[in-house]
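A.B. asks: got a structure for you, letters missing:
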């Protein structure tokens, strides 16, 4: 248990927009809050720990926090400087920790000496990861002068406003300590006691999976409401190679090497992120020995899976890629309506397109879930996105979600931690592949998950892809009169093809309003968001005319096509799509996350390069040092043929 009063002996590091002020602090100067303003908003986990730093999964991470932090046009933090500065508190602005669910980010901060992070607002997974590790968080800037005076802060100030489960996790110093006490009956989460009433679909899913007995896994409550602290039984738990080794390390440190896993048949592992890394790692990273560090993740994951009998979707025997990206394979083979799916990736909501509650968790969460079979959840509020009317021909789900990301409510963090539930007539034209783009990019919206209640399209998809006759149950929808935190009305017919300017997925601009000619160097069609059957089919419709005319991509432009799974690649080959892409000069790659995680062909190599990409996020450094624009698969293909950002028409 943590002390009732907490004292912080180190310095305060303000993450400001001005790189010179960062450098002054790293050199030993202390600033007050007024001097530090304006603070950096929307710091992503890609900036706290760039992808190449996450090959490390031990205390070495403490040398690297904020290595990718972009202030103006500079990256002022260098290896070892935060640890050397003696900081114990880090302060930032709005939406701290957006993006990837990587627990490596708060773990790097903790290993560098940081014990408290303060921000105007936090992204859900990042804050939950901090709590799981025992790293304290606060949104109270009034603490700063008290900390300057060396005042001991009552622990109760760090638990105020939290649900009872989360508050007890903070008091005990992290999730492992809490679960150790829970499994022996020393502590039990209080069960919500509400009078029955209407619930949203997400609330129904959580109520049905709410764990009543940690030892037996018995589950089921009649009613839950936003703010309730629960543990929910997971039908599927998965991790990929970036996270599995760190989770194993945490598990064995806490419970020993012989800890028994609960129901290994419902645990999955994937090697999908780094299968092409050898082909794209920068020379300076190779010189740091990072290729060997990254390649050590594969045998560590394989050994763990072999030891516990866990199904591992790995690399192809010929080395040309992986079986598929975790999110693609979850939808193609595993997830079903009414289930709860958790995975160590912020894009786990991809499977919400099938009517299951799928959400990302951190390293400590998954390590504990291996043993307990459940994960902790604070029941989130729901943001209803009502899609009025129908999308115009040539406008896709990617255009729709880029439009949403540019809305003021979402840009300002109004959807943080919410279930993003899509409803309305606009869904009628969207097949499951397109719906998965909407639910997947709940991560960029800042949501807990994305969700669509199952319908006839869900039944069709499961029959087509799996040969399974699915029968939907009457409860699989929200109740009339259910409570929604907000309703966002979207006029689908008013939306045209969209882009997101470099730096953030929320930098939306209509293609029609671009107003400038933007030459490109790279076009990338791939990732979990952009490598589905439907995505490749839309891109094919753009290139087939060029094939007939004998046109090819311009000199100086590279066009990469990378499928989300081998099932998608086989289908695309059978349809003739891959041959058409190759005919116009595209390079077709084996299935992998690849360039999306800065680990494969398609990444930029210099800041002057411009990429247009179908991936889901474009934070600084996400896919190389260049300027990364986001767009739909059709716009990516059209731009590849034009040599500049261009529409399919």
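C.D. replies: Arrived safely. Fair warning: this is a prediction, and the values are worked out from it, not measured in the lab.
A.B. asks: Pull up the gap between the residue positioned nearest the centre of the chain and residue 132, please.
C.D. replies: The centroid of the chain falls nearest to residue 346 when counting by Cα atoms, centre = their mean (2.0 Å). Remark: distance between residue 346 and residue 132 (Cβ to Cβ, to the nearest Å) = 15 Å. For every residue, glycine as well, the C-beta is placed using N, CA and C.
A.B. asks: what's the answer for residue 228, then?
C.D. replies: For residue 228 relative to residue 132 (Cβ to Cβ), the value is 19 Å.
A.B. asks: Tell me which of the two has more neighbours.
C.D. replies: Neighbours were counted for residue 228 and for residue 132 using other Cβ atoms under 10 Å; residue 132 has more, 28 against 25.
A.B. asks: what's the helix or strand for the more buried one?
C.D. replies: Using DSSP states H and E, residue 132 sits in helix 124-133.
A.B. asks: What of residue 560?
C.D. replies: Applying DSSP H and E, one finds residue 560 within strand 558-562.
A.B. asks: what does that strand contact?
C.D. replies: 521-527, 531, 536, 539, 553, 578, 581, 584-592, 594-595, 600-602, 637, 640 (Cβ atoms under 8 Å, 6 or more residues apart in numbering).
A.B. asks: Which of these fall within helices?
C.D. replies: Using DSSP state H, the members of those that fall in helices are 527, 536, 539, 578, 581, 637, 640.
A.B. asks: what's the most distant pair in those residues?
C.D. replies: 527 and 578 (16.9 Å; Cβ to Cβ).
A.B. asks: more neighbours, these two?
C.D. replies: Neighbours per residue, other Cβ under 10 Å: of residue 527 and residue 578, the larger number sits with residue 527, 30 against 20.
A.B. asks: neighbours of residue 270, just the number please.
C.D. replies: Burial measure for residue 270: 29 neighbouring residues, criterion other Cβ under 10 Å.
A.B. asks: Test my guess that it contacts residue 328.
C.D. replies: No - judged on Cβ atoms under 8 Å, residue 270 makes no contact with residue 328 at a distance of 9.8 Å.
A.B. asks: Surely residue 248 forms part of a helix?
C.D. replies: Yes - assessed by DSSP: H, G, I helix; E, B strand; the rest coil, residue 248 belongs to a helix.
A.B. asks: Relative to residue 87, how far out is it?
C.D. replies: 29 Å.
A.B. asks: Next secondary structure after the helix holding residue 132?
C.D. replies: Next in sequence after helix 124-133, counting helices and strands by DSSP H and E, comes strand 136-138.
A.B. asks: How far does the following helix or strand past that following strand sit from its chain's centre?
C.D. replies: Counting by DSSP H and E, the next helix or strand C-terminal to strand 136-138 is helix 143-148. Chain-centre distance of helix 143-148: 33 Å, with Cα atoms, centre = their mean, to the nearest Å.
A.B. asks: For the very next helix or strand once past helix 143-148, give me every contacting residue.
C.D. replies: Downstream of helix 143-148, the next assigned helix or strand under DSSP H and E is strand 153-154. Strand 153-154 has contacts (Cβ under 8 Å, 6+ apart) with 4, 5, 6, 7, 8, 143, 146, 147.
A.B. asks: Then stretch 484-495?
C.D. replies: So stretch 484-495 is in contact with 200, 226, 381-392, 395, 399-400, 403-404, 407, 409, 414-415, 418, 421, 424-426, going by Cβ under 8 Å, 6+ apart.
A.B. asks: One more: stretch 134-143?
C.D. replies: Against stretch 134-143 from outside (Cβ under 8 Å, 6+ apart): 2, 6, 33, 91, 106, 109-110, 114-122, 127, 130-131, 153, 157-158, 170, 173-174.
A.B. asks: Quick one: buried ones out of these?
C.D. replies: Buried residues within the contacts of stretch 134-143, counting neighbours by 16 or more other Cβ atoms under 10 Å: 2, 91, 106, 109-110, 114-119, 121-122, 127, 130-131, 153, 157-158, 170, 173-174.
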